[in-house]
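*Asks:* Kindly generate the corresponding structure for this input.
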Amino acid sequence: MSLLNRLMGKEDEIKTKPAAPAPDVERQERQTPAPSVEGVFEAIRKNVFDPEIGLNIVDLGLVYDVKVTDDKVVDVDMTLTSPGCPVGPQIIRGVQTYVHNTYPDLDAINVHIVWTPMWGPERMTQEAKDQLGFF
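*Replies:* Alright, predicted model coming up:
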């Protein structure tokens, strides 16, 4: 109580600010898009590069097939430029990491390394061939 109000026998008025609107109590879930074959290819194209060549593995022709099953499992069939590719494990982890980052609700991301058909420069996109000087 202030001194002036005490001397006058009055109670202090309590001034309050109007209450701010309460934040939304319900937690809004972050909506992630449903996985699609095109979306998986794009996630890999934008993020997974062959560190020796410097191009993404989709344009290099290393990713052969993508399947999305039950909206919770992705299977990627891919190859490497050679069976002894020293960066193979790094590329596989990159595929799994970036597909998971794009679609965090997936139950599994399976990367299958296949050797048939063998990879060759003819599997590259025209853009990749141009960047590497293939005519």
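*Asks:* okay, CA-based contacts and neighbour counts for the rest of this
*Replies:* Noted.
*Asks:* Can you report how many residues lie near residue 60?
*Replies:* 26 (other Cα atoms under 10 Å).
*Asks:* tell me the contacts of it?
*Replies:* 121, 123, 124, 125, 128 (Cα atoms under 8 Å, 6 or more residues apart in numbering).
*Asks:* same thing but 7 Å
*Replies:* Contacts for residue 60 (Cα atoms under 7 Å, 6 or more residues apart in numbering) come out as 123, 124, 125, 128.
*Asks:* Kindly report the same for residue 120.
*Replies:* Here residue 120 is in contact with no residue (Cα under 7 Å, 6+ apart).
*Asks:* What of residue 55?
*Replies:* Residue 55 neighbours (Cα under 7 Å, 6+ apart): residue 49.
*Asks:* returning to that earlier point: among the contacts of residue 60, name the buried ones.
*Replies:* Neighbour-count burial (16 or more other Cα atoms under 10 Å) applied to the contacts of residue 60 gives 123, 124, 128.
*Asks:* what about residue 92, neighbour count?
*Replies:* By other Cα under 10 Å, neighbour count at residue 92 equals 19.
*Asks:* Which strand or helix spans it?
*Replies:* Assigned by DSSP states H and E, residue 92 belongs to helix 88-102.
*Asks:* What lies in contact with that helix?
*Replies:* Taking Cα under 7 Å, 6+ apart as the rule, helix 88-102 contacts 40, 43, 44, 47, 48, 50, 80, 106, 109, 111.
*Asks:* So what's the residue count around the third one?
*Replies:* If I follow you right, that is residue 44. Going by other Cα under 10 Å, the residues that sit close to residue 44 add up to 22.
*Asks:* what's the spacing between the closest residue to it other than its chain neighbours and residue 54?
*Replies:* Distance criterion Cα to Cα, 6 or more residues apart in numbering; nearest residue to residue 44, sequence neighbours excluded, is residue 95 at 6.1 Å. Residue 95 sits 15 Å away from residue 54, going by Cα to Cα, to the nearest Å.
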